[in-house]
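# here is a sequence together with a model predicted from it:
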Amino acid sequence: MSPFDPFGYFLKERKYSDLLTEISRGGVKETLDKLASRKRFGVGISKDDSGNLELRVTLEKRNKRNLSATKFAERISKEQNVKVRTINLGRIQIVPTAQPALAMEASYLKPYELFPGSSISHQSGYAATLGVFAYPTSSTRRSDIPLLRGISDKPYDPLDKLGFVSSGHALSLWGRGSSSDVILSPGAPDAFRSLRNSIGHLYDFTILVPANEEQGSLYNEADLAFVILNHDINDEGCFGNVVPAPSDPDRTNITLKSVLNEVDLFDYINRPVFKIGRTSGLTSGSLSIVALSGIPIIGADRRDYIFTNCALVESTSADAPFSRPGDSGAVVYTENGIAIGTVVAGNDQNTIIQPLSRGLRILGLEML
């Protein structure tokens, strides 16, 4: 099975065969690769007010530096009769948090009681968010997805290996971690760094590769880590993928029942989605762009990391961001309990998420 090609899907749906041929030859994609690493823009798929699919070019801001992106959009729109719209996202940045979590209820900060949204961290890192509980399903990585892995030669033992997924950059210390590293909950700085707060160990993770202008953009397809739970927590402290019900979050919980595949993300464009995070708790937003590729994200080391096949969630509240620092790895889900993705980075108005189905497939996992 070949990886899902969102642009091919879009173009076939819209009957833009000429542009599809050009992309397959590498013309448009080569131009996009070169410009994305230098001119800081991404291209994704959205819907107009009538529900028709359209291409969306995302900019950090409108200025002379992004003139190439604007011209790219105008050329595609004119030559191929494709509706293209450019929008300003502002800078998307991964910001480590050294602030204690104030928004979370006490249960999300209690050792040995774990939920999606719980505070977690690497033994030497800062807080992130528990995404969803998962378990290994295969002994080898999917060969059709080219990606560097943290522990690429370690076989999976699917027996008795319950764990969870969260932010790869946070739990692997940007690729410096190893399989012996302890994972804590609550994470620092929500609690002291103590082995009494150990909940498991790092098992596998993806490695992010910074952009290199000389070699062209190197796309990152996932930012995910898998943690194996300690046996005592496995037996008593895992409460499953239970999240607040969007319709009545104060009194009702729902269990995430499935993971949305990448093709079906198109059906959720401009529909409401929800996130439960360590820092900002339960928030709502609108899934505005899918198949977002070439999007530059500024890492904690101040270097650019170019992501592909992401999605964009816009905050629906002017004074409440969809995500904040410390929410990395948090699960994003629909009102009826379908997991869509996990948080990578964001700013006050926009959050970049990665499809959970792809991340799980890359690491050979299934959601519990």
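That came through fine.

# tell me the domain ranges of this structure?
6-88, 93-368 (automatic domain parsing).

# buried deepest among those domains, which one?
domain 93-368 (a mean of 20; mean count of other Cβ atoms under 10 Å). Using the backbone N, CA and C atoms, a C-beta is placed for each residue, glycine as well.

# how distant is it from the center of its chain?
7 Å (Cα atoms, centre = their mean, to the nearest Å).

# helices or strands next to the helix or strand where Val227 lies in the packing?
Assigned by DSSP states H and E, Val227 belongs to strand 224-229. Counting contacts by 3 or more Cβ pairs under 8 Å, 6 or more residues apart in numbering; DSSP states H and E, strand 224-229 packs against strand 163-167, helix 168-171, strand 198-205, helix 356-363.

# worst average pLDDT in the domains of the chain?
Mean pLDDT values for those show the minimum at domain 6-88, a mean of 61.

# only the C-alpha atoms, please, for stretch 187-199, written as PDB.
What follows is stretch 187-199, C-alpha atoms only, in PDB (Å, rounded to 0.1, in the frame of the first residue of the first chain):
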ATOM      1  CA  GLY A 187       6.000  16.300  34.200                       C
ATOM      2  CA  ALA A 188       8.400  19.100  35.200                       C
ATOM      3  CA  PRO A 189       7.800  21.800  36.300                       C
ATOM      4  CA  ASP A 190       4.400  20.500  37.600                       C
ATOM      5  CA  ALA A 191       6.200  18.300  40.100                       C
ATOM      6  CA  PHE A 192       9.700  17.600  41.200                       C
ATOM      7  CA  ARG A 193      11.800  15.400  39.000                       C
ATOM      8  CA  SER A 194      11.600  12.200  41.100                       C
ATOM      9  CA  LEU A 195      11.700   8.500  40.300                       C
ATOM     10  CA  ARG A 196       8.600   8.200  42.400                       C
ATOM     11  CA  ASN A 197       6.800   9.900  39.500                       C
ATOM     12  CA  SER A 198       8.100   7.500  36.900                       C
ATOM     13  CA  ILE A 199       5.300   6.100  34.700                       C
END
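
# how about the helices and strands packed on strand 224-229 in TSV, adding distance to Pro186?
Formatted as TSV, the helices and strands packed on strand 224-229 follow (distance: least, Cβ to Cβ, whole Å):
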stretch	distance to Pro186
strand 163-167	14
helix 168-171	14
strand 198-205	10
helix 356-363	24
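
# out of the ones you listed, flag the one nearest Tyr305.
helix 168-171 (8.7 Å; Cβ to Cβ).

# now do that closest one: which elements does it pack against?
Using 3+ Cβ pairs under 8 Å, 6+ apart: helix 168-171 touches strand 119-122, strand 198-205, strand 224-229.

# show residues contacting that helix.
Helix 168-171 has contacts (Cβ atoms under 8 Å, 6 or more residues apart in numbering) with 94, 96, 120-122, 125-128, 150, 177, 183, 202, 205-208, 222-225, 227, 299-300, 328-329.

# on that earlier part again, out of the helices and strands packed on strand 224-229, which is closest to Pro272?
Here helix 356-363 is closest among those (Cβ to Cβ), at 17.4 Å.

# closest to the centroid, which residue in the protein?
Gln354 (2.8 Å; Cα atoms, centre = their mean).
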